[in-house]
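Peer 1: Sequence plus predicted model, see below.
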Amino acid sequence: MLSHVGMLSWSAEHMGYDLDIRSIGDPGFACGVPGGNALLGLVDAVLADGDLAAAQQEVRARLGDGALVHAAGVFGNFQMMNRIAEGTGIPIPKQRIDASVDQIEAVGLQRMIKSQHG
Amino acid sequence: MFEFDGSPVPVPDVMRETFIHHWDHLASPGATLTGPERIAVARAARGEPTTKAHPALLNLAEHLGTSPGSVFEPEVRAAADVVGDPAAVESIAIVSLLSCVDGVHDALGVDREPLPEPAPGDPTGDIVEGLKRRRTHVPMPQGAIPVAMDLIPAEGAARIAMSAPTYMPDDEMVHPDWSKPGGLVRPQMEVIAARTSWHNDCFY
């Protein structure tokens, strides 16, 4: 989570997008990445039992058919990455957490810091 | 196999071929587990009942497969204490890699591929010696996700093979403007990565 929030901020800045990082924790905010809210909606539809067909159509309409199949691939990849991270227990150094306080608060990750240590 | 019937969009051949190759890997004897044991771990990860592997591995596989954010060190260490670190890592790899294949199906809204029939044969015993825990649940080299399963080289290689066609090649990670032709640009990929991790309570 924190790693890819960081990569999102870094890549969005490089691309000149007006990212609102709060959208990752609350998709009610406009993401600022082209098609970003449609992609958030796709993930939510899969993992929170939303209207998958509507979410797929939104991605196709905004970004194209190739974007939908790539989005499905990225989603699958992070289902994998999350399980590798949790299963093997890769830690995030305290210094990294301390340096990311603003992002942690903006996205609402405080609960995960607590849960990371059981 | 991997026809993706009912998918709203075509699935690239490279992704299908990667999954077909992975199914062969999944069904074959691993470093510590037989083919039938590996398929049993995969069944447990999908929440299906099975008794054909050690209960400690099946319990870990089911928990990691269905609720990854609530897996903590004591549970992983308890399984590793019973079956050994290599078998625990092999099981984590089976669950994780399967979740990629299943996740693509889920996002496309198509039925998951039936698990393969297990292949016969003995475990290979191909395990890296001398690794230790680095404030991690299992032994690994210094580093992060790319090396997390390197105790079992075949599983680390399988993770690399899976990442390129689904997300991006590992050696392109340093490029903030990388894009897949006809697909997403890097920030769009990271939106999906971050929101998926948010749902899974994965702080890393």
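Peer 2: Alright, I've got the coordinates. Numbering: from 1, shown residues only, chains lettered A, B, ... in the order given.

Peer 1: In chain A, where is pLDDT below threshold?
Peer 2: Low-confidence segments of chain A (pLDDT under 70): A:114-118.

Peer 1: mind redoing it with 90?
Peer 2: Low-confidence segments of chain A (pLDDT under 90): A:1-4, A:49, A:91-118.

Peer 1: Helices of that one, start to end?
Peer 2: Ranges of helices in chain A, per DSSP state H, are A:2-15, A:22-25, A:36-47, A:52-63, A:65-88, A:94-99, A:101-107, A:110-116.

Peer 1: Distance of the residue nearest in space to the middle of chain A relative to B:E117?
Peer 2: The residue lying closest to the centre of chain A (Cα atoms, centre = their mean) is A:I24, at 5.5 Å. In this view, A:I24 and B:E117 are 41 Å apart by Cβ to Cβ, to the nearest Å. Where you see a C-beta, it was placed from the backbone N, CA and C, and this is true even at glycine.

Peer 1: before we move on, what about B:A148?
Peer 2: Look at B:A148 and B:E117: by Cβ to Cβ, they are 29 Å apart.

Peer 1: right, so the helices of chain A: which one is the most enclosed?
Peer 2: Most buried of those by mean neighbour count (mean count of other Cβ atoms under 10 Å in any protein chain shown) is helix A:65-88; its value is a mean of 27.

Peer 1: Following the chain onward from the lengthiest helix in chain B, which element is next?
Peer 2: Taking DSSP H as the criterion, chain B has its longest helix at helix B:85-108. Downstream of helix B:85-108, the first helix or strand assigned by DSSP states H and E is helix B:153-166.

Peer 1: Domains of chain B: list them as residue ranges, please.
Peer 2: Following automatic domain parsing, one finds the domains of chain B at B:13-166, B:174-204.

Peer 1: A:I113 and B:F203 touch, don't they?
Peer 2: Yes. Using Cβ atoms under 8 Å, A:I113 is in contact with B:F203, at 6.2 Å.

Peer 1: I'd like the helices of chain A laid out as a markdown table, including distance to chain B.
Peer 2: What follows is the helices of chain A, written out as a markdown table (distance: least, Cβ to the nearest Cβ, whole Å):
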| stretch | distance to chain B |
| --- | --- |
| helix A:2-15 | 4 |
| helix A:22-25 | 5 |
| helix A:36-47 | 4 |
| helix A:52-63 | 5 |
| helix A:65-88 | 3 |
| helix A:94-99 | 9 |
| helix A:101-107 | 7 |
| helix A:110-116 | 4 |
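
Peer 1: Now tabulate these in a markdown table and tack on distance to B:D81.
Peer 2: Below are the helices of chain A laid out as a markdown table (distance: least, Cβ to Cβ, whole Å):
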| stretch | distance to B:D81 |
| --- | --- |
| helix A:2-15 | 29 |
| helix A:22-25 | 37 |
| helix A:36-47 | 32 |
| helix A:52-63 | 41 |
| helix A:65-88 | 15 |
| helix A:94-99 | 27 |
| helix A:101-107 | 33 |
| helix A:110-116 | 22 |
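
Peer 1: Tell me which of these sits nearest to B:A79.
Peer 2: Closest of those to B:A79 is helix A:65-88, at 10.0 Å (criterion: Cβ to Cβ).

Peer 1: Does the closest one pack against any helices or strands, and if so which?
Peer 2: If you count contacts as 3 or more Cβ pairs under 8 Å, 6 or more residues apart in numbering or on different chains; DSSP states H and E, helix A:65-88 packs onto helix A:36-47, helix A:52-63, helix B:55-66, helix B:85-108, helix B:153-166, helix B:186-199.

Peer 1: Now tabulate the domains of chain B in TSV and tack on mean pLDDT.
Peer 2: Shown next, in TSV, are the domains of chain B (pLDDT from 0 to 100):
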stretch	mean pLDDT
domain B:13-166	96
domain B:174-204	95
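
Peer 1: Just say which of these is most tucked in.
Peer 2: Comparing the domains of chain B by mean neighbour count (mean count of other Cβ under 10 Å), domain B:174-204 ranks first with a mean of 22.

Peer 1: How far off centre is that one?
Peer 2: 18 Å (Cα atoms, centre = their mean, to the nearest Å).

Peer 1: With stretch B:37-51 instead?
Peer 2: 14 Å.

Peer 1: Restrict that stretch to CA atoms and write it as PDB.
Peer 2: Provided in PDB are the C-alpha atoms of stretch B:37-51 (Å, rounded to 0.1, in the frame of the first residue of the first chain):
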ATOM      1  CA  GLU B  37       0.200 -31.400  -2.200                       C
ATOM      2  CA  ARG B  38       0.700 -28.300  -4.300                       C
ATOM      3  CA  ILE B  39      -2.800 -28.600  -5.800                       C
ATOM      4  CA  ALA B  40      -4.200 -29.200  -2.300                       C
ATOM      5  CA  VAL B  41      -2.600 -25.900  -1.100                       C
ATOM      6  CA  ALA B  42      -4.100 -24.200  -4.100                       C
ATOM      7  CA  ARG B  43      -7.600 -25.600  -3.300                       C
ATOM      8  CA  ALA B  44      -7.300 -24.400   0.200                       C
ATOM      9  CA  ALA B  45      -6.300 -20.900  -1.000                       C
ATOM     10  CA  ARG B  46      -9.600 -20.900  -3.000                       C
ATOM     11  CA  GLY B  47     -11.500 -21.900   0.200                       C
ATOM     12  CA  GLU B  48     -12.200 -25.400  -1.100                       C
ATOM     13  CA  PRO B  49     -12.100 -28.400   1.300                       C
ATOM     14  CA  THR B  50      -9.100 -30.700   1.100                       C
ATOM     15  CA  THR B  51      -7.000 -32.900   3.300                       C
END
